[in-house]
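**Q** have a look at this fold, sequence not included:
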Ligand code: NAP
């Protein structure tokens, strides 16, 4: 699409960790142009460069530096809104945007488990967008809400997606989650340096257990399987690592599991969407990979890296999967959702 016909988009929660990833990744996007920013009362009325404690290694794009930060008031921004709102703020605000006619692409947990709201990973469950007419009819929204998963659930669900053909029965996952997952300033340095915290608040374990089944199931019914999750916060800056054991009913040979992961592709790859990683799953052979420092940026942060695929003496198979929590687990996921919706004619009249 030529630059001058890009679709105008707004970012709410633009000043936070995920908001900054949106700004950075949308700066040169071929289809979308950021024209409106919003955040809390703390930032309202300031220039973006004054309201934001910029935490990314790439510099703040010039195109947003002087843009004003608005209040999160529906009807004021463009039709397409990316939401990086804090969950409590999202609870109270996102549905007002949908009711006012905006298409909201949300990172927050608020609406993910609503049966009428797609919890989308374009490679895995693109067909779940088919629920949108029903969402509009039942909620009476001229707009819509589409969500992306919890930042650990997306890593797990992408790694499990090619294994659905072997009938997933049960999954046990232990996560090692980066500090950037807690926003900024997040976890106190005295709590996390040289340490592991075996708890993440906000219902993290339940989110991984329930969201994974919704994503891997049909639009109207979750996958009939069980997931047990145990989460840990670790002293890693970016990248959630998940250590997974899975029971596959058809008990395939390990080579078939690896082949299925390597061959995995979805609609983003078929359509050649601008930020689609290809391949979406990078299967690594080295016995000491994936590692956050070496592998988190694969596919420009959009690929999930998998390694150590082998037999499990308790369930049937086990592996390690890693993904970038603020990119594939947040802003990058929302942008890919929007690209798929644009390709399917769901963003513009
Ligand atoms: P964050 O750094 O704390 O940023 C929160 C943003 O929400 C800021 O822009 C803040 O604006 C805004 N905000 C807070 N209260 C508000 C209110 N009452 N009205 C309007 N705006 C308000 O959080 P984050 O880590 O970016 O996370 C953002 C969302 O993405 C959360 O829902 C989180 O659960 C989800 N998420 C995060 C990750 C991750 O890896 N970090 C991954 C997946 C999903 P001010 O700066 O003006 O206060």
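**A** Thanks, I have the structure now. These numbers were taken from a predicted model, which means no experiment stands behind them.
**Q** from here on, contacts and neighbour counts on C-alpha atoms
**A** Noted.
**Q** surely residue 158 and residue 120 touch.
**A** No - using C-alpha atoms under 8 Å, residue 158 is not in contact with residue 120, being 11.1 Å away.
**Q** name the nearest residue to residue 308, sequence neighbours excluded.
**A** Among residues not flanking residue 308 along the chain, residue 319 sits closest, at 5.0 Å (C-alpha to C-alpha, 6 or more residues apart in numbering).
**Q** can I assume the one you found is in contact with residue 289?
**A** No - with contacts counted by C-alpha under 8 Å, residue 319 stays clear of residue 289, the gap being 10.4 Å.
**Q** who touches both of these two?
**A** Residues touching both residue 319 and residue 289 (C-alpha atoms under 8 Å, 6 or more residues apart in numbering): 306, 307, 308.
**Q** pLDDT and secondary structure added to those, as TSV?
**A** Output for those, formatted as TSV (pLDDT from 0 to 100; DSSP: H, G, I helix; E, B strand; the rest coil):
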residue	pLDDT	secondary structure
306	98	strand
307	98	strand
308	98	strand
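**Q** out of the residues you listed, which is nearest to the ligand?
**A** The closest of these to the ligand turns out to be residue 306 (C-alpha to the nearest ligand atom; 19.3 Å).
**Q** tell me what the closest one is bridged to.
**A** Taking DSSP bridges as the rule, residue 306 bridges to residue 283, residue 321.
**Q** my guess is it contacts residue 282. True?
**A** Yes - between residue 306 and residue 282 there is a contact at 6.0 Å, judged by C-alpha under 8 Å.
**Q** those two: which is more packed in?
**A** Neighbours per residue (other C-alpha atoms under 10 Å) separate residue 306 from residue 282, with residue 306 holding more: 29 against 24.
**Q** and the more buried one, what does it touch?
**A** By C-alpha under 8 Å, 6+ apart, residue 306 lies in contact with 159, 281, 282, 283, 284, 289, 290, 319, 320, 321, 322.
**Q** can you pull the contacts of the last one?
**A** If you count contacts by C-alpha under 8 Å, 6+ apart, residue 322 has them with 155, 239-242, 290-292, 295-296, 304-306.
**Q** ramachandran angles for the closest residue to residue 116 other than its chain neighbours?
**A** Nearest residue to residue 116 in three dimensions, chain neighbours excluded: residue 135, at 5.1 Å (C-alpha to C-alpha, 6+ apart). Residue 135 adopts backbone torsions of phi -60, psi -50, taken as degrees, to the nearest 10.
**Q** do the same with residue 102
**A** Dihedral pair for residue 102: phi -80, psi 150, per degrees, to the nearest 10.
**Q** what's the distance between it and the ligand?
**A** Counting by C-alpha to the nearest ligand atom, to the nearest Å, the gap from residue 102 to the ligand is 16 Å.
**Q** quick check: pLDDT value at that residue.
**A** You'll see residue 102 listed with a pLDDT of 98.
**Q** what does residue 1 give?
**A** With respect to pLDDT, residue 1 scores 54.
**Q** helix, strand or coil for the residue nearest to residue 58 when sequence neighbours are not counted?
**A** Leaving aside its chain neighbours, residue 58 sits nearest to residue 24 (7.8 Å; criterion: C-alpha to C-alpha, 6+ apart). What DSSP: H, G, I helix; E, B strand; the rest coil gives for residue 24 is helix.
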